[in-house]
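Q: Take a look and give me a structure for this.
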Amino acid sequence: MREFASLGSVAEVIRGVTFAGSDAYSAPVEGSLPILRAGNIRDELDIASDLVWVDQRLVSLDQRFRPGDVAVCMSSGSASLVGKSAVLNEPFDGSVGAFCAIVRPLPGLDPHFLGHYLRSPAYWSWRGRSARGVGIQNLRVSDLQILPIPLLPLDEQRRIAARLHKQLAAIGLVATVARARIDQMNNLAQGAIDAAIPITGAVAVGSILRTPMRTGLSRAASATANHRVLTLSSVRNGILDVDQNRPMDATDDEARANAVRPSMFYVVRGNGSLHMAGAGAMSPEWVNDVVLYPDLLIQVDPDPAALSVEYLALAWRARGVRRQVETRLRTSAGIHKINLANLSTVEVPTPPLTEQRQIAGRLREQLAEIDRAKAALQAQRAAIDALPAALLREVFGGVTPA
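A: Numbers count the residues shown, from 1 in each chain. Below you'll find the model as predicted:
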């Protein structure tokens, strides 16, 4: 049976630097040291970006990094960051902030062996049992000090670490290729749309509407629920996925007045993501009992004698139309929004209806073929992304001892 030792018996666990906001600088000044934060702890330790600087007198000698130290995120509003770690592989005269800690292996513990263990399913199983808090989760220094670490001879630790480094690097290269192929599929889809949508004969959307645009319920959601409303996740690649919804309280009259209509075009009114703000999607032919969320989507009802909804949803994804949308967005407090007046001025190339339908039909087939290829690549990537955990589980097991 494998033996374990507590982390505190084979490494020092050092608290991060505590400082007030008034003590921090956004750029280096004389006598200051850089401080890493939770966002700097990635697959590798990012020591070059998103730094703050503090007076070096606030940083004790023990808190100053040494090569081989491991930075650990101890507290964050993002639960996925708590417990994340990375090894410092090069000289860096700085430290970590109070929401992080430094683990400094003693002579009998190889830093890279420890680094691999702190990414294993066994470690994350322990982290899931040990992190505290709702909303903002926390690990304590005392928690890390009692973390069980596999106790192996140093030469075996180094052998395991070297083998894992080689294997994980190979997996990383394959994952990079898979991501590049998925990007190629995305570019292929965008190229097909841009090539199919004409660049002449543009007409302002607001001039060819059958009914006025509308934005959905005029009040915020309440805690109870008797109807289903669409959410932002409903909008994906020009299609409105009405199965992506959530409960909201509304009267039957409100629900009827704001019902999502079949084969209709909808535009995202606002979002923190520039990519999503102003994005458009067509609802399916059959829609039952879902309503528009307050101020989330704008319903656009084009005159069917002038503009096909399916064609409009595809043309909206063309780069030329997207650029128009982005120039009409207004940004406040990090949220990008488009109002009805600006939206109505977006011009869409509008060939004769017969041609619109032909373009939409051809694109539908092309994009479906690209989507099938992309789905296969995404399944392949998911399998690749699962390999590191499987490899680390094979080496370290899946659960730490209690």
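Q: Give the buried residues for the lowest-mean-pLDDT helix or strand in the chain.
A: When the helices and strands of the chain are scored by mean pLDDT, DSSP states H and E, helix 252-257 comes last with a mean of 75. Within helix 252-257, the residues scored as buried using 16 or more other C-beta atoms under 10 Å are 254, 255. C-betas here are computed from N, CA, C, even on glycine.
Q: Show the contacting residues for the closest residue to residue 353 other than its chain neighbours.
A: The shortest distance from residue 353 to any non-neighbouring residue, by C-beta to C-beta, 6 or more residues apart in numbering, is to residue 308 (6.4 Å). With contact set as C-beta atoms under 8 Å, 6 or more residues apart in numbering, residue 308 has these partners: 302, 353, 356, 357, 360.
Q: okay, residue 308: pLDDT?
A: At residue 308, the model reports a pLDDT of 95.
Q: quick one: the strands in the stretch 201-350 of the chain?
A: Applying DSSP state E, counting those that start in this stretch to the stretch 201-350 of the chain gives strands spanning 202-204, 209-214, 227-230, 235-236, 239-240, 245-248, 265-268, 270-271, 280-282, 290-291, 297-302, 330-332, 335-337, 347-349.
Q: got a list of what the residue lying closest to residue 299 once chain neighbours are set aside touches?
A: Distances taken as C-beta to C-beta, 6+ apart place residue 214 nearest to residue 299, at 5.2 Å, with adjacent residues excluded. With contacts defined as C-beta under 8 Å, 6+ apart, residue 214 is in contact with 258, 292, 298, 299.
Q: and with 10 Å instead?
A: If you count contacts by C-beta atoms under 10 Å, 6 or more residues apart in numbering, residue 214 has them with 257, 258, 292, 297, 298, 299, 300, 301, 340.
Q: circling back: in strands, which of the contacts of residue 308 appear?
A: residue 302 (DSSP state E).
Q: Format the contacts of residue 308 as TSV; extra columns: distance to residue 281.
A: TSV is the format used below for the contacts of residue 308 (distance: C-beta to C-beta, whole Å):
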residue	distance to residue 281
302	14
353	21
356	18
357	19
360	14
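Q: Just the buried ones from the contacts of residue 308?
A: 302, 356, 360.
Q: Distance of residue 27 relative to residue 34?
A: Residue 27 sits 10 Å away from residue 34, going by C-beta to C-beta, to the nearest Å.
Q: Are there residues contacting both of these two? Which ones?
A: Joint contacts of residue 27 and residue 34 (C-beta under 10 Å, 6+ apart) are 51, 52, 53.
Q: want to try TSV for those, with distance to residue 195 as columns?
A: Formatted as TSV, the shared contacts of residue 27 and residue 34 follow (distance: C-beta to C-beta, whole Å):
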residue	distance to residue 195
51	44
52	47
53	50
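Q: Figure out how far stretch 107-125 is from the centre of its chain.
A: 26 Å (C-alpha atoms, centre = their mean, to the nearest Å).
Q: Quick check, residue 281 in contact with residue 313.
A: Yes - proximity of residue 281 to residue 313 meets the contact threshold set by C-beta atoms under 10 Å, at 6.4 Å.
Q: joint contacts of these two?
A: Both residue 281 and residue 313 are contacted by 237, 238, 239, 240, 264, 265, 266, under the criterion C-beta under 10 Å, 6+ apart.
Q: can you point me to the longest helix in this protein?
A: helix 154-196 (DSSP state H).
Q: rewinding a little: next, format the shared contacts of residue 27 and residue 34 as CSV and append neighbour count, distance to residue 231 and pLDDT.
A: Below are the shared contacts of residue 27 and residue 34 laid out as CSV (neighbours: other C-beta atoms under 10 Å; distance: C-beta to C-beta, whole Å; pLDDT from 0 to 100):
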residue, neighbour count, distance to residue 231, pLDDT
51, 18, 36, 94
52, 20, 35, 95
53, 18, 41, 96
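Q: circling back to that earlier point, can you redo the buried ones among the contacts of residue 308 as CSV with pLDDT and distance to residue 59?
A: Converted to CSV, the buried ones among the contacts of residue 308 look like this (pLDDT from 0 to 100; distance: C-beta to C-beta, whole Å):
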residue, pLDDT, distance to residue 59
302, 95, 62
356, 96, 65
360, 96, 62
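Q: Please convert the residues you listed to CSV, extending it with distance to residue 394.
A: Formatted as CSV, the buried ones among the contacts of residue 308 follow (distance: C-beta to C-beta, whole Å):
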residue, distance to residue 394
302, 57
356, 56
360, 50
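Q: related to what we said a few turns ago, can I get the strands of the stretch 201-350 of the chain in TSV with distance to residue 20?
A: Listed next are the strands of the stretch 201-350 of the chain as TSV, based on distance: least, C-beta to C-beta, whole Å:
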stretch	distance to residue 20
strand 202-204	53
strand 209-214	49
strand 227-230	43
strand 235-236	42
strand 239-240	48
strand 245-248	40
strand 265-268	40
strand 270-271	34
strand 280-282	46
strand 290-291	48
strand 297-302	43
strand 330-332	29
strand 335-337	30
strand 347-349	52
